[in-house]
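[1] build me a model:
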Amino acid sequence: MNIFSPSGHINRPQYLLVFLSVLIVSIVLFVFSTYVQYSWLAVLILGLIIFLGVLSIFAGIKRLRDIGKSGWWCLIMLIPIANILLLLFLLFKRGISDSANLEPNLPPENTVSPPNAP
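    Below you'll find the model as predicted:
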């Protein structure tokens, strides 16, 4: 899973992990920025928070693809209250990676090889 790219799919547990990680780090950075007395450090922290926001948008695009929706639905996150509904939708809606294996190089489960012909 490459979190620095909007391509691919992620399932519900992976999305939850990315979302909680970004949320916790953003809260810690925000609290830390209130005690910073140097403006350059506050700007650096703001840049990190924006970077984390981009990562969460990438995760949302991947999760929307997993559900079968377009990544453009992620723009709903800009609308107040609708963003909370979209977040809940992304956390609870089953996707295709929940029911199917998307790894390209793994053999399918429960395969029976044909008998060797004499």
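
[2] for the rest of this, base every contact and every neighbour count on C-alpha atoms.
    Will do.

[3] quick one: buried residues of the host helix or strand of P13?
    According to DSSP states H and E, P13 maps onto helix 12-34. Buried residues in helix 12-34, counted by 16 or more other Cα atoms under 10 Å: 12, 15-16, 18-19, 22-23, 26, 29, 33.

[4] and after it, which helix or strand comes next?
    Next element after helix 12-34 (DSSP H and E): helix 39-67.

[5] okay, and the helix or strand of this structure with the least pLDDT?
    Lowest mean confidence among the helices and strands of the chain (mean pLDDT, DSSP states H and E): helix 96-99, at a mean of 70.

[6] G8: what secondary structure?
    Put simply, G8 is coil when judged by DSSP: H, G, I helix; E, B strand; the rest coil.

[7] surely it meets A59?
    No: applying Cα atoms under 8 Å, one finds G8 not in contact with A59, separated by 9.5 Å.

[8] ok, back up a step: and the buried residues of helix 12-34, which is closest to G95?
    Checking the buried residues of helix 12-34 against G95 by Cα to Cα gives R12 as the nearest, at 7.7 Å.

[9] who's in contact with the closest one?
    For R12, the contact set (Cα atoms under 8 Å, 6 or more residues apart in numbering) comprises 63, 90-95, 98.

[10] which residue is nearest the middle of the chain?
    A59 (2.2 Å; Cα atoms, centre = their mean).

[11] residues in contact with it?
    Neighbour list for A59: 3, 6, 10, 15, 18-19 [criterion: Cα under 8 Å, 6+ apart].
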